[in-house]
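Novice: structural data only, the sequence is not supplied:
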């Protein structure tokens, strides 16, 4: 079963997808944030396109491991998605340093700042999803 990884920010949602065997995550795209129902519709369209059946939402914990404002906002979006999408489970994964890791990869690839800005969020979503997959437990179909 395919999963979507989401890196939700204030302005965008980075999206990644994995293969049916839940082995490899691949960056997909970045969606603009519009809030509420429009965000649900945008994610629903990607679910339909990819055939994914569950979401892995990045949870931006504080360095101490506590949930701050950013984590509460991510959970609010996750709740909105769970309520607005039929039969879609939402799982959360600690996303600390995912954007920093994505930036490092892009800098090492010698990508310009302008190009990095366009892809960093869906690469961060890929890092979140891959971390979730690497933990070794499958999400049941």
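Specialist: The structure has been received and is ready for your questions. From a predicted model like this one, the values you see are computed outputs, not experimental measurements. Numbering: from 1, shown residues only.
Novice: name the next helix or strand downstream of the helix or strand hosting residue 48, please.
Specialist: Secondary structure assigned from DSSP states H and E places residue 48 in helix 36-50. Counting by DSSP H and E, the element after helix 36-50 in chain order, helix or strand, is strand 54-59.
Novice: which elements pack onto that following strand?
Specialist: The helices and strands touching strand 54-59, judged by 3 or more Cβ pairs under 8 Å, 6 or more residues apart in numbering; DSSP states H and E, are strand 3-8, helix 69-84, strand 89-94, helix 113-134. For every residue, glycine as well, the C-beta is placed using N, CA and C.
Novice: and that strand, how far from the chain's centre?
Specialist: 6 Å (Cα atoms, centre = their mean, to the nearest Å).
Novice: what residues sit buried inside it?
Specialist: 54, 55, 56, 57, 58, 59 (16 or more other Cβ atoms under 10 Å).
Novice: could you do stretch 83-97 as well?
Specialist: 85, 88, 90, 92, 93, 95.
Novice: show the pLDDT at the last one.
Specialist: Residue-level confidence at residue 95 comes out at 82, pLDDT.
Novice: picking that back up, out of the helices and strands packed on strand 54-59, which comes closest to residue 30?
Specialist: Ranking the helices and strands packed on strand 54-59 by proximity to residue 30 (Cβ to Cβ) places helix 113-134 first, at 4.6 Å.
Novice: from residue 45, how far off is residue 60?
Specialist: Distance of residue 60 to residue 45, computed by Cβ to Cβ, to the nearest Å: 24 Å.
Novice: between those two, which is the more surrounded one?
Specialist: Between residue 60 and residue 45, counting by other Cβ atoms under 10 Å, residue 60 is the more crowded of the two (22 against 11).
Novice: ok, back up a step: with distance to residue 79 added, can I get the buried residues of strand 54-59 in TSV?
Specialist: Shown next, in TSV, are the buried residues of strand 54-59 (distance: Cβ to Cβ, whole Å):
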residue	distance to residue 79
54	15
55	11
56	15
57	10
58	15
59	12
